[in-house]
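[1] test case, fold it:
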Amino acid sequence: MLTHSTILGYPRIGPRRELKRALEAYWDGRLSRDELDRVGADLRADTWRRLAALGLCALPANTFSEYDHVLDTAVLLDAVPERYRAAADPYFAMARGADGLPPLRMTKWFDTNYHYLVPEIGAGTPLRLAGDKPMREVREARALGYATRPVVVGPVTFLLLAEPAPGGPPPLSRLDDALDAYADLLAALAAEGVEWVQLDEPALVTGAGVAEARRAYERLGALTDRPKLLVASYFGELGDALPALAATGIEAIGLDLVRGGPVDPAALGGKTLVAGVVSGRDVWRTDLDAALYELSRHPDVVVSTSCSLLHVPYDLDVETDLDPALRERLAFADQKVAEVVALADLLARGSTGTAPARSPAAAPPTSTSDTRAPYPERAASQAVHLGLPELPVTTIGSFPQTGELRAARAALAAGTLDEPGYERLIEAEIERVVRLQERLGIDVLVHGEPERNDMVQYFAEHLDGFAITRHGWVQSYGSRCTRPPIIHSDVRRPAPITVRWTRYAQSLTERPVKGMLTGPVTIVAWSFVRRDIALREVVAQVAEAVRAEVHDLAAEGTSIIQVDEPALRELLPLRRERQDEYLRWAVAAYRHATSSAGDHTQIHTHLCYSNASEVIAAIDGLDADVTTIESARSSGRILGQLDGFGRGLGPGVYDIHSPRVPGAAEVGDLLDAVLEVVPAERVWVNPDCGLKTRTYPQVEAALANLVTAARERRTD
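    Next up is the predicted model:
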């Protein structure tokens, strides 16, 4: 079951996004829960058949989820807050909200663009084995003829990722209760005849939870009624956690040797190494010779991916439009599985590879300075220039992406709609959005971004150095999928990208219309990035392209330009000792990108769903005039971190990732909480994020309530 080759996980949305369509049909009432579950069962069966056909020796199970694997673990352990238990479907109530219930908070899974739902654990929250999903999937696979290894989020990572219920203790204080539940889970899996279980502990690469991990696996490793234990970590090196795990009774340790680097075989304490030598985080082919060299250093080794393949597309073979020279450099999930199998075969035949050449040292970050005047001077100039009311209301950028818009883009790509016809449709949608905002009383407008399929892909399509896939979908959360562009060479902007549509929208109204751009860090973070130069050099190239766009928008007379950096926290190194250097060059890149605007041009930025409170000083360092930030879904937790933040701020008061429409009173309560910590003259009123995933009826009702709440609190 754990010989030769395995992977830590596999994509789960379906090669043609079958899960996305089934989920949205279920939420819309077009599919029953039984039918949704059948779609999931078919996807699981197809995955096991696919992996077996590729020659993989050890197949994982329980890597499928109808929404999120951390939420699945919470349900498995009965860690369901009491307020959700009476909902018609508690699982999706926690994920999306229901019947007046806001959903659980959502944030980024470590330094990836995948979002997980944050468990909420209090002193009285049950932690006991209550579900049977891992056991059911083992039985499903066995019925198809496959023995599998269940994968479950480990107890330490689960508790470190959770947040305390109001007034409750730190979740990690409940470790002993969690271990009781995990012991029961292991016994149940042993009763199913399971030979190996994989417990994922990626939180250990941050340096947190080392003592707790040793205690946890000393206890679980000492159990007699259990399968063999593979404790897998990824996204970096384990550091002090490696000897802690090696000293316990577990049988195998999974290490990310791509991001974590080589490991001394003696450090494993005789445990089997599940060696993550094939990257699960990018789309580049593996250097098989270098991987073989590292594998051959270990006497007891299983070839694996560095992490789950959840983070890459399914299959390169369907990307027939890519440049053949680029295709030769790429590998998606299926090709990475084939690499794992090939490496295991080569290793079994005695191949040893050669040591990789040392990479040249990265060039130091380019020093850039902010050429804009100090914020107080800019703010005074902008107040006169813009003439906005107190508590101005705005949105984050996008408006609903309707079926008509998606159909028009598809028709344009297929050649059944010409460019002039497409542009007329876009202009009509922009006018619809502008008129709606005027009618609702929005103070600072947006054009709605109907021409954009995605906030990163759109820019990638207009910049040199990027390639776009047709089918390279990756799950972001739930039914939300993205197609990350591929940065394969130097990035340049051949022509203006957004000026035309911003100019058109402004021509329709006397109110200011924001120019909408994606920041350099986010464009890079949400792409698959070339590996031959340092990451900060790639960011610097993109920053130069964004700087040119800012300059052209400002020259056109655009009074407000929003340059979003929701991924600023996402690229933050997981270990504290490496974070300051990253923040220095990331902030410098943003300031360089935005400093081509004059002082009377107001620069906005936006951050969402990424624990922005952890980088609040860096957000201040961006020197944007206004920062809009996620707050509604996290119940305003960012507000406690804002002491000393001296610029315009818009903590979101409408959670757009839920179909719920908040009432004016609910919005008002959130706004009152903001006004307790930020002076009214610096407060903006806005949603948490863009509105593209919502419907027009939801958006119109919610924005009307935002305007009402803001006007009720204005003193001028």
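[2] show me what secondary structure element comes after the helix or strand hosting Tyr504.
    Using DSSP states H and E, the element containing Tyr504 is helix 499-507. As assigned by DSSP H and E, the chain's next helix or strand after helix 499-507 is strand 514-518.
[3] for that next one, which strands pair with it and how are they oriented?
    Take DSSP bridges as the rule and strand 514-518 pairs in its sheet with strand 560-564 (parallel).
[4] packing partners for the helix or strand that the partner strand is followed by?
    Following strand 560-564 in sequence order, the next helix or strand is helix 579-594 (DSSP H and E). Applying 3 or more Cβ pairs under 8 Å, 6 or more residues apart in numbering; DSSP states H and E, one finds that helix 579-594 contacts helix 520-525, helix 535-555, strand 560-564, helix 616-621. Every residue, glycine included, has its C-beta placed from N, CA and C.
[5] output helix 579-594 as PDB - backbone C-alpha positions only.
    This file holds the C-alpha atoms of helix 579-594, laid out as PDB (Å, rounded to 0.1, in the frame of the first residue of the first chain):
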ATOM      1  CA  GLN A 579       8.900  37.500   6.100                       C
ATOM      2  CA  ASP A 580      10.500  41.000   6.500                       C
ATOM      3  CA  GLU A 581      12.700  40.600   3.400                       C
ATOM      4  CA  TYR A 582       9.600  39.600   1.300                       C
ATOM      5  CA  LEU A 583       7.500  42.500   2.600                       C
ATOM      6  CA  ARG A 584      10.300  45.000   1.800                       C
ATOM      7  CA  TRP A 585      10.400  44.100  -1.900                       C
ATOM      8  CA  ALA A 586       6.700  43.400  -2.200                       C
ATOM      9  CA  VAL A 587       5.800  46.800  -0.800                       C
ATOM     10  CA  ALA A 588       8.500  48.500  -2.900                       C
ATOM     11  CA  ALA A 589       7.000  46.900  -6.000                       C
ATOM     12  CA  TYR A 590       3.500  48.200  -5.200                       C
ATOM     13  CA  ARG A 591       4.800  51.700  -4.500                       C
ATOM     14  CA  HIS A 592       6.700  51.800  -7.700                       C
ATOM     15  CA  ALA A 593       3.700  50.600  -9.600                       C
ATOM     16  CA  THR A 594       1.400  53.400  -8.200                       C
END
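[6] what's the mean pLDDT across it?
    The average pLDDT within helix 579-594 is 94.
[7] just how off-centre is the worst-scoring helix or strand of the chain on mean pLDDT within its chain?
    The helix or strand of the chain with the lowest confidence, counting by mean pLDDT, DSSP states H and E, is helix 616-621 at a mean of 82. With Cα atoms, centre = their mean, to the nearest Å as the basis, helix 616-621 stands 21 Å off its chain's centre.
[8] just to revisit the earlier point, tell me the average confidence for the helix holding Tyr504?
    Here helix 499-507 scores 97 as its mean pLDDT.
[9] could I get the buried residue list for it?
    Neighbour counts over helix 499-507 (16 or more other Cβ atoms under 10 Å) mark 499, 501-506 as buried.
[10] and of those, the nearest to Phe645?
    Distance to Phe645, by Cβ to Cβ, is smallest for Thr502 among those, at 28.3 Å.
[11] in space, what's closest to that closest one - neighbours in sequence excluded?
    Nearest residue to Thr502, sequence neighbours excluded (Cβ to Cβ, 6 or more residues apart in numbering): Gly515, at 4.7 Å.
[12] show the pLDDT at that neighbour.
    Gly515 carries a pLDDT score of 97 in this model.
[13] can you give me the distance of it to Asp240?
    48 Å (Cβ to Cβ, to the nearest Å).
[14] so which of those two has more stuff around it?
    Neighbours per residue (other Cβ atoms under 10 Å) separate Gly515 from Asp240, with Gly515 holding more: 30 against 12.
[15] how far away is the more buried one from Trp48?
    49 Å.
[16] now swap in Trp473 and tell me
    As for Trp473, its distance to Trp48 is 21 Å (criterion: Cβ to Cβ).
[17] also Arg576?
    In this view, Arg576 and Trp48 are 40 Å apart by Cβ to Cβ.
[18] looking at the two, which is more packed in?
    Using other Cβ under 10 Å as the criterion, Arg576 and Trp48 rank with Trp48 on top: 21 against 11.
[19] and the gap between that one and Val153?
    Taking Cβ to Cβ, one finds Trp48 at 21 Å from Val153.
[20] now swap in Arg297 and tell me
    For Arg297, the distance to Val153 - Cβ to Cβ - is 30 Å.
[21] of these two, who's got more company?
    Taking neighbours as other Cβ under 10 Å, Arg297 and Val153 compare with Val153 leading, 24 against 17.
[22] fine by me, thanks again.
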